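In: sequence first, then the predicted structure, then my questions.
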Amino acid sequence: MNLKLKPVKKKDYTFLYELLANRDPNENISHKTMPTWEEHVKFNNNKPYYIDRIIYLNDKPLGRLYVTSTSRIGIRIKNRSFKKIIIEEILKTYNPCKHFINVSPKDKVFKKILKKYKYKKIQETYENIS
């Protein structure tokens, strides 16, 4: 598997917007509605992540890996058939320090992988939807 991580550039914004638009609802944590293109560009121009990479498989963009300033990791994969393989490869390769991963309670695949790699559930988050 030829997996590479490359820094996000402005030319990647279209791919990132498509990735966001096609996100499985079971993976969604932070978005209730799809942002406009302008909101998306503004968000990415603000460089919101400490580390922000496009995941390439065989030189084709497949997803996004980011790390926040508080050591929270986000992994989004476009092609769900590669999800398990890519997440496992990233956790094996880029697991040098303590960090946290937020996962949707509905994302059973990701939770199973994290358990395999000895991640421990430390928190539950609730939102008032009334």
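Out: Happy to help now that I have it.

In: which residues does the helix or strand of the chain with the lowest mean pLDDT contact?
Out: The weakest-scoring helix or strand in the chain, judged by mean pLDDT, DSSP states H and E, is helix 83-93 (a mean of 76). With contact meaning CB atoms under 8 Å, 6 or more residues apart in numbering, helix 83-93 is reached by 1, 3, 55, 57, 62-63, 65, 75, 77, 109-110, 113-114, 116-117. Bear in mind the C-beta positions are built from the backbone N, C-alpha and C, glycine included.

In: for those, which one is nearest residue 127?
Out: Nearest to residue 127 among those: residue 110, at 19.3 Å, using CB to CB.

In: after the least confident helix or strand of the chain, which helix or strand is next?
Out: strand 100-101 (DSSP states H and E).

In: give me the mean pLDDT for that next one.
Out: The average pLDDT for strand 100-101 rounds to 80.

In: in its sheet, what does it sit against?
Out: Next to strand 100-101 in the sheet, as set by DSSP bridges, lie strand 72-77 (parallel).

In: quick one: the partner strand to helix 83-93, angle?
Out: Following axes from the mean of the first three to the mean of the last three CA atoms, to 10 degrees, one obtains 140 degrees for the angle between strand 72-77 and helix 83-93.

In: can you give me the offset of strand 72-77 from its chain's centre?
Out: 2 Å (CA atoms, centre = their mean, to the nearest Å).

In: that one: which residues count as buried?
Out: 73-77 (16 or more other CB atoms under 10 Å).

In: one step back: go through the least confident helix or strand of the chain and flag the buried ones.
Out: Buried residues in helix 83-93, counted by 16+ other CB under 10 Å: 83, 86-87, 90-91.

In: distance between the ends of stretch 92-108?
Out: 19 Å (CA to CA, to the nearest Å).

In: mind checking how far it is from the chain centre?
Out: 9 Å.

In: in that stretch, what counts as buried?
Out: Buried residues in stretch 92-108, counted by 16+ other CB under 10 Å: 94, 101, 103-104, 107.
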